[in-house]
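J.: From the sequence below, what's the structure:
(2 chains)
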Protein chains: 2
Amino acid sequence: MLNSVTDALRAELTSKLPAAAFRELTDAYLHEPRGRYHGGDGFLIAPDCTQDVALVVRACAAAGVGIIPYGGGTGLVGGQVLESGPVPVILSLERMTKIRDVFPNENVLVAEAGTILASVQDAAEAVNRVFPLSLASEGSARIGGNLSTNAGGVNVLRYGNARDLCVGLEAVLPDGAILNGLSRLKKNNTGYDLRHLMIGAEGTLGIITAASLKLFPKPAGEGAALMVVLDPQAALDLLSLAGDLLGHQVSAFELINHMGLDFLREVGPDVRIPFAQAPEWMVLIDVGCVAGVEPSQALERLFEAGAERGLVSDGVIAQSGAQREAFWTIRESIPEANRRIGSVSSHDTSVPVGRIPEFIDRAGAALARVDDFRINCFGHVGDGNLHYNVFPQKGKSRADHDHQRAEVKRIVHDLAVDMGGSFSAEHGIGRLKVDDLNRYGDPTKLAAMRAIKAALDPKGIMNPGAVVAG
Amino acid sequence: MLNSVTDALRAELTSKLPAAAFRELTDAYLHEPRGRYHGGDGFLIAPDCTQDVALVVRACAAAGVGIIPYGGGTGLVGGQVLESGPVPVILSLERMTKIRDVFPNENVLVAEAGTILASVQDAAEAVNRVFPLSLASEGSARIGGNLSTNAGGVNVLRYGNARDLCVGLEAVLPDGAILNGLSRLKKNNTGYDLRHLMIGAEGTLGIITAASLKLFPKPAGEGAALMVVLDPQAALDLLSLAGDLLGHQVSAFELINHMGLDFLREVGPDVRIPFAQAPEWMVLIDVGCVAGVEPSQALERLFEAGAERGLVSDGVIAQSGAQREAFWTIRESIPEANRRIGSVSSHDTSVPVGRIPEFIDRAGAALARVDDFRINCFGHVGDGNLHYNVFPQKGKSRADHDHQRAEVKRIVHDLAVDMGGSFSAEHGIGRLKVDDLNRYGDPTKLAAMRAIKAALDPKGIMNPGAVVAG
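T.: Next up is the predicted model:
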C-alpha cells in the first residue's frame, strides 16, 4: 500500500532540488485530452536533469510514495492521470528538452525525454534527415511519452513503431538507479534488452529520461495521392500492388470512409474533398521515393495498374507539396470531427492485415443488432490498425447511448481478439484498458508481467494502477 | 543448486514422450564450431511439438534439473554447451521444423523454432518474398537459435537484426507455461514486450518454440560492386554517400582488408580477386533496387560520385548474378581462411559507426606494443560491427601467443567499450563472455537482469551458467 506525499517528503525534495523544479499544479496536469479522466491531488516536480529525476525516485521509493510520470499529457488511455488513492508525485519531463547530440553520418540523434516530438523532427530536418515518427499530437507530445507508450502514427508501415526508432535508452528505474543505455550502436548483444522492456511499459517500470533515436536519409522526392477504392478488400489489394510496384517507398496507406467526410461536412473542420462526390471508401497513399523515381509518375503507374485490375475508380495525385499537405489535412481533421460529433465508443483495434474486410463486415453486423449507429472506421490500414469508432445517428447524442457503451466496446474488442487482433493497437493500456488486458491477455504473459513488475518495482511506486494493476 | 538428471526423471520423460523424441547424444551436441567448449554428459530430448517442450520443462522444473536449449549448434560463444556441473537435459528443437503458415499478402511467415534459417529463406522465396536474415551458417543454424541470440549477419544495415524481423513469439517459460504470442499484428500495445525480452536472452528465460517472421517484397533488381577505398574513413564517407544517392536500397556494406585476401592466398579457400593487385581496403556493396532504378547503373553513379570525391580509386560492378555471387564468395570465405590460419584472439566488436577509423588506428597501435601480430579486421562496417581478429605472423602459431591472449582480448574490449562500443556486437554472451559482461556491463542493467532472471526462473534451470551466471 502506498503513502500520500507527506510534508516531510515535500520538505526533503524542496531542499534538494532547485526552486525551478517546482511548478503550480494546474488543471492541465490532471486531465486527459478526451476529458474522461480527472486526477486528484499531486505534488508536481519537473527536474531538469537525470540526476534529479533519480533523486526524486529514490526519495519516493524510500517514502513509499507513488510517481506519475508526465510527458506531453496527450495519451488517450488515462496513463498520465491518477484519479484517486494516496497523493502521488507527478514527475513532469517538461524541463528536460535538450537535444544532447546529433550524429548525421550515423543517422542518430540523442534527445532528452521531454523534447516535443515536433522538435525532434525539426532537429533531424536541420541535418537533412528524417525522424519519421508522426502523429496528430506531435506538436505537444514528448518523445519520452512516445517511447513509454510505443507510439504508432502514420508512418509505421514504412518505419515501424516508436520502439523500432530507438537504438538506446537512459532511464531511472524504480529504485532510483540510472540505466545508462544511451548507446548509439546498431549491434550490441550484451544481455537482456531492457530498452524494449521499458518501451511500451507506460512508466510502470521506470522513467525514460533520454533516448538515442534513429534518423533516416530524406527521400529524394515525396508525393501523395487520394484514390477511390471499391471497398476495404480493394484497398488491401491496392496496398499489395503498391508493395510490388514501389517496394518500401510507400510511407503511409490510410483508409478513409465516407462517414469521416460526412462528419467533416456536418461539424467541420472545413476541408475540401477533391472529388465531385464524397466516395464511400478512399485511401491516402504517401510515398517517399529514391533518386530516379519521380513520385507523381510512380503514383500514376500505381493508379493505372490499380484501375486495370478494377481496384480504383478515381484518383487525384498531388501536383505540389501544398496539395500533398491538403490531402493530409483531410485525414488529420477526421479525429477532430469525431470529437465534435461525440462517439458512443471509440476503439483502437488491429487485426491481421488480410482480415480487415472481414472485421469491418462482422463488426458492423454485430453492432447493427444493438442499435442504429453511425460507424466511422478509418486509419492505418497498412498496419492492420483501424480506429473503429461508433457514433449516434444525427439528432441523437452520446448520452442517449450511455447504457450501450459497455456492450458496444465488448462486441468490438471480442471480435478483434477472436480474429487474432488487438484491443489496443497503438494507444496502450493506461488505466482505461486494464480490465481488457486482464480479460483478453495471455495468462502466461500476464503472470510474467506481474513477476517482472514485482521484481523491478517491489513497492509498486511507478505509475500505480496503470497496465498491471493489482 | 541444480540436480543431475536422475533415473526417475529419465523414466518419467521416457514414459510420457514418444520414442522418436529420444536420440543418441553424439559428439555434435557437445562441442561448438571453434572447438573451444566441450560438454559433459546430458540427456538429449528432441520434442516435436510445443506441448512436449512444455512437458519436459515442467518435469525439469519439478526435478530442479537444468536445461540446455539446442538449435543448430552454430553459436560462437558456448551458449549451447555446458562443460561441467550437474547433468542437464539437452533440449533440441531439431524436430520442430514446420513452416506453420505463410501469409504473402501480409508479409508474414510462421515457423517453428527448429526450422533451418535457409529453409525460412526458401519458404519466403517460394511466395516471391524475402526473409533477409542472412549469415554464414544459414545452412545449419535454426531460426529459434537465431532469435534467442538476436543474430545479425550481412543485411542488418537495411533490414535490422533478428529481433527486428520478428513480429510474434511462442515460447515455453521456465515454469513450463506456454507463452502464446504468435500474433502477426504490426501494432499491438498490450503490456510489456516479452518478445524482445526472450529475443537475445540466449535461452536463459525460456525456450522459443515458434515465431511469426517479417517478410519483404523482393527488390525489383539486385546488384553488387567491389570498390577499392583509400582507408576506413573513405569507406564510411562512401557509405554516407551511398545513403544520400541510393537511400535504403543499400542492403550490405562490408569492409575487407588486404589481410583477409592475403590469408585466402596463403591457406585458401581459393577465390579470385578481380583486381590486379589485392587492395589495402575494399568494400563490398550490395543493393536491392526498386522498379525504375537499374542496379548496375545505380552502382556506377555511386562509383563516379565516390571517385569525384577521391574516396574510391578502382571498382568492379557485377554484370551478372554469378559475378555478384563471386563477390560474396570472397567475403564469405574470409572466416574460413581465418580458421585455417588460427587466430590468437578474435573479437566481435562494435563501435559507433563514425568512430570506426579511430578504433582501427588505436587498436592496432595498442596491440603493436604487445607483439608483432597480423590483424584481419573486416565485416559489417555499415553497422559499426567489425570482426577484429588478431593472428600470429607467418611461421608462428596460435600456441606461441597463448600467454598473450588474455591481454590482447582485454586491450580490444577495453578500447571498444571506452569508445562507446560493445565487446559483443552480434555473437552474444553465452558462456564465453560472462566475465566481460560483468566487467563492462552497466551495473543497473546487470542488477535488473538478475532480478528478471530470478523472477522468471527462480530455480535457475534455463541454460544455467549462460549470460547471467551466479
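J.: Now the longest helix along chain A: buried residues?
T.: Identified as the longest helix of chain A according to DSSP state H is helix A:321-341. For helix A:321-341, a neighbour-count test (16 or more other Cβ atoms under 10 Å in any protein chain shown) marks A:323-324, A:326-328, A:330-335, A:337-338, A:341 as buried. For every residue, glycine as well, the C-beta is placed using N, CA and C.
J.: Return the residues of the stretch 1-150 of chain A in contact with chain B.
T.: Taking Cβ under 8 Å from any Cβ of the partner chain, the part of the stretch 1-150 of chain A that reaches chain B is made up of A:103, A:105-108, A:149-150.
J.: mind redoing it with 7 Å?
T.: Of all the residues in the stretch 1-150 of chain A, those in contact range of chain B (Cβ under 7 Å from any Cβ of the partner chain) are A:103, A:105-106, A:149-150.
J.: ok so, going back, show me what the longest helix of chain A is in contact with.
T.: If you take Cβ atoms under 7 Å, 6 or more residues apart in numbering or on different chains as the criterion, helix A:321-341 is touched by A:136, A:222-224, A:226, A:254, A:256, A:260, A:263-264, A:267-269, A:271, A:273, A:284, A:318, A:376, A:378, A:389, A:391.
J.: Make a markdown table from the buried residues of helix A:321-341 and add distance to B:R301 and pLDDT to it.
T.: Converted to a markdown table, those look like this (distance: Cβ to Cβ, whole Å; pLDDT from 0 to 100):
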| residue | distance to B:R301 | pLDDT |
| --- | --- | --- |
| A:Q323 | 30 | 97 |
| A:R324 | 27 | 97 |
| A:A326 | 34 | 97 |
| A:F327 | 32 | 97 |
| A:W328 | 32 | 95 |
| A:I330 | 38 | 96 |
| A:R331 | 36 | 94 |
| A:E332 | 37 | 90 |
| A:S333 | 41 | 94 |
| A:I334 | 42 | 94 |
| A:P335 | 43 | 91 |
| A:A337 | 47 | 96 |
| A:N338 | 47 | 95 |
| A:I341 | 52 | 96 |
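J.: okay, those residues in TSV with distance to A:A20 next?
T.: Converted to TSV, the buried residues of helix A:321-341 look like this (distance: Cβ to Cβ, whole Å):
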residue	distance to A:A20
A:Q323	45
A:R324	42
A:A326	42
A:F327	43
A:W328	38
A:I330	42
A:R331	40
A:E332	35
A:S333	38
A:I334	40
A:P335	35
A:A337	40
A:N338	39
A:I341	42
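J.: Out of the residues of the stretch 1-150 of chain A next to chain B, which end up buried?
T.: A:103, A:106, A:149-150.
J.: just the helices in the stretch 301-450 of chain A please.
T.: Taking DSSP state H, counting those that start in this stretch as the criterion, the stretch 301-450 of chain A carries its helices at A:321-341, A:356-368, A:405-418, A:434-440, A:443-456.
J.: Please apply the same query to the stretch 1-150 of chain A.
T.: Across the stretch 1-150 of chain A, reading from the start of the chain, the helices by DSSP H, counting those that start in this stretch fall at A:7-16, A:50-63, A:117-126, A:143-148.
J.: and among those, the most buried is which?
T.: helix A:143-148 (a mean of 30; mean count of other Cβ atoms under 10 Å in any protein chain shown).
J.: what's the model's confidence in the helix or strand following that one, averaged?
T.: Following helix A:143-148 in sequence order, the next helix or strand is helix A:156-159 (DSSP states H and E). Predicted confidence along helix A:156-159 averages 93 (mean pLDDT).
J.: Within its sheet, name the partner strands of the next helix or strand along the chain from helix A:156-159 and how each one runs.
T.: Downstream of helix A:156-159, the next assigned helix or strand under DSSP H and E is strand A:166-172. Taking DSSP bridges as the criterion, strand A:166-172 forms sheet pairs with strand A:178-181 (antiparallel), strand A:207-214 (antiparallel).
J.: Give me the domain ranges for chain A.
T.: Chain A breaks down into these structural domains: A:7-92, A:99-217, A:221-338, A:342-418 (assignment by automatic domain parsing).
J.: would you list those in JSON lines and tack on distance to A:R439?
T.: Output for the domains of chain A, formatted as JSON lines (distance: least, Cβ to Cβ, whole Å):
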{"stretch": "domain A:7-92", "distance to A:R439": "15"}
{"stretch": "domain A:99-217", "distance to A:R439": "18"}
{"stretch": "domain A:221-338", "distance to A:R439": "26"}
{"stretch": "domain A:342-418", "distance to A:R439": "8"}
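J.: Go through those and pick out the most buried.
T.: Burial of the domains of chain A is given as mean neighbour count (mean count of other Cβ under 10 Å); domain A:99-217 ranks first at a mean of 23.
J.: what's the straight distance from one end of it to the other?
T.: Start and end residues of domain A:99-217 are separated by 19 Å (Cα to Cα, to the nearest Å).
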